[in-house]
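# Please find the sequence and the predicted model below.
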Amino acid sequence: QVQLVESGGGLVQAGGSLRLSCAASGRTFSRHAMAWFRQAPGKERAFVASISGRGGSTDYADSVKGRFTISRDNAKNTVYLQMNSLKPEDTAVYYCAADPYSRGSDPRIYDYWGQGTQVTVSS
């Protein structure tokens, strides 16, 4: 079992930055692929970024490439999402997810989810 707790959300003006954190429980964190998804009101949950267990491989949605960076610190059991040049369309609840076997952009892949953190970008 892996428990995930996100933090770092908030209200920011367009063009600003935020860093989200996701703290994981358990001793097998480094074996889990991690990902960030987001869900805006009335929309489906959408892939943002993913990272392999050791952090050597990352993937991003086209909408955030060049602006967002996913990283992880396995010694701290934490994954991060650095968000720069934020836009109003980035407003959503951001969720982190984990899976011990697979990594991808389909939310159905991931077995473990956090409760989400709200990010609001004002224009």
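Received it, and whenever you're ready, just let me know what you need.

# Show me what the closest residue to Arg38 other than its chain neighbours bridges to in the sheet.
The spatially closest residue to Arg38, leaving aside those adjacent along the chain, is Ala92, at 3.8 Å (C-beta to C-beta, 6 or more residues apart in numbering). C-beta coordinates here come from the backbone N, C-alpha and C atoms, glycine included. Taking DSSP bridges as the rule, Ala92 bridges to Val119.

# For this structure, which residue occupies the most central location?
Nearest to the geometric centre of the chain sits Trp36, at 2.4 Å (C-alpha atoms, centre = their mean).

# What about the residue nearest to Arg38, how many residues nearby?
22 (other C-beta atoms under 10 Å).

# so Cys96 sits in a helix?
No: read with DSSP: H, G, I helix; E, B strand; the rest coil, Cys96 is strand and lies in no helix.

# My understanding was that it contacts His32; is that so?
No: between Cys96 and His32 there is no contact under C-beta atoms under 8 Å: 10.6 Å.

# Please tell me how far the residue of the chain most remote from its centre sits from Phe47.
Among the C-alpha atoms of the chain, the one most distant from their mean position (C-alpha atoms, centre = their mean) is that of Ser123, at 22.6 Å. Separation of Ser123 from Phe47 (C-beta to C-beta, to the nearest Å) stands at 24 Å.
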